[in-house]
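sequence-free structure coming up:
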């Protein structure tokens with residue numbers, strides 16, 4: 001009997017984000033997860049080089065790759081619904097965990113543990129969860145900037161909310177990213193190519 005895990009994970013490209021918002025350019029969770037992985041890696045490197053941390057940057061990227069894989073089963077739950085109350089938030093986190101467990105059961109027994117550590121980081125990977133969460137929010141902020149540049153005001157409120165959330169996370173690596181790298185996303189291709 002074969003394993004269906006990777007065939008399921010490959011379906012991340014079919015799950016669109018921002019379902020309740022009018023989008024100038026659609027984004028799927030596969031694209032989003034790549035961006036989150038790159039940003040999580042960058043946050044870990046920044047922490048190591050500038051803030052005296054000892055993060056495993058490669059591991060941060062790996063956790064970022066799979067951080068939304070459960071949405072293959074759950075879909076991308078719109079934020080206004082997911083965070084409408086503490087009860088809904090708790091309920092939905094439980095659903096996300098069960099969806100992740102369902103995916104993991106599709107792996108052969110001998111490698112399942114390796115992937116469980118990625119889907120449910122703990123121990124020395126615990127600090128990386130916060131970096132990945134910050135990277136997730138930064139990726140969402142980048143989406144808001146891109147939509148704004150396209151003339152879509154639909155994301156204006158989300159942008160302000162996400163900016164505030166990132167600043168309130170207490171992740172100094174994210175603050176560095178916002179200061180040094182985020183302004184370039186406001187520029188045109190010609191401006192960043194010079």
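Perfect, thanks for sending it. Owing to the predicted nature of the structure, the values given are computational and were not obtained by experimental measurement.

under the pLDDT cut-off, which ranges of this protein? List them.
1 (pLDDT under 70).

quick check: longest helix of it.
In the chain, with assignment by DSSP state H, the single longest helix is helix 126-149.

elements contacting it?
Contacts defined by 3 or more Cβ pairs under 8 Å, 6 or more residues apart in numbering; DSSP states H and E place helix 126-149 against helix 29-50, helix 57-66, helix 156-167, helix 172-180. Heads up, the C-betas are built off the backbone N, CA and C, glycines and all.

rebuild these as a markdown table, extending it with distance to residue 133.
As requested, these are arranged in a markdown table below (distance: least, Cβ to Cβ, whole Å):
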| stretch | distance to residue 133 |
| --- | --- |
| helix 29-50 | 9 |
| helix 57-66 | 10 |
| helix 156-167 | 10 |
| helix 172-180 | 9 |
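
look up the closest residue to the residue nearest the centre of the chain, ignoring the ones flanking it.
Closest to where the C-alpha atoms of the chain average out (Cα atoms, centre = their mean) is residue 136, at 3.0 Å. Sequence neighbours aside, residue 36 is the residue nearest to residue 136 in space, at 5.2 Å (criterion: Cβ to Cβ, 6 or more residues apart in numbering).

who touches the one you found in this structure?
Contact analysis of residue 36 by Cβ atoms under 8 Å, 6 or more residues apart in numbering lists 64-65, 67-68, 132, 135-136, 139.

same question for residue 26.
Residue 26 touches 16-18, counting by Cβ under 8 Å, 6+ apart.

so it, which of the three states?
When classified by DSSP: H, G, I helix; E, B strand; the rest coil, residue 26 comes out as coil.

what about it, distance to residue 146?
Going from residue 26 to residue 146 by Cβ to Cβ, to the nearest Å gives 11 Å.

ok, residue 70 next?
In terms of Cβ to Cβ, residue 70 sits 25 Å off from residue 146.

and for residue 55?
28 Å.

please say which of the two ends up with more neighbours.
residue 55 (22 against 17; other Cβ atoms under 10 Å).

which element is that one on?
Element membership for residue 55, per DSSP states H and E: none, as it lies in no helix or strand.

ok, the residue lying closest to it once chain neighbours are set aside - contacts?
Sequence neighbours aside, residue 44 is the residue nearest to residue 55 in space, at 3.8 Å (criterion: Cβ to Cβ, 6+ apart). By Cβ under 8 Å, 6+ apart, the residues touching residue 44 are 53, 55-57, 60-61, 128, 131, 173.

all set now, cheers.
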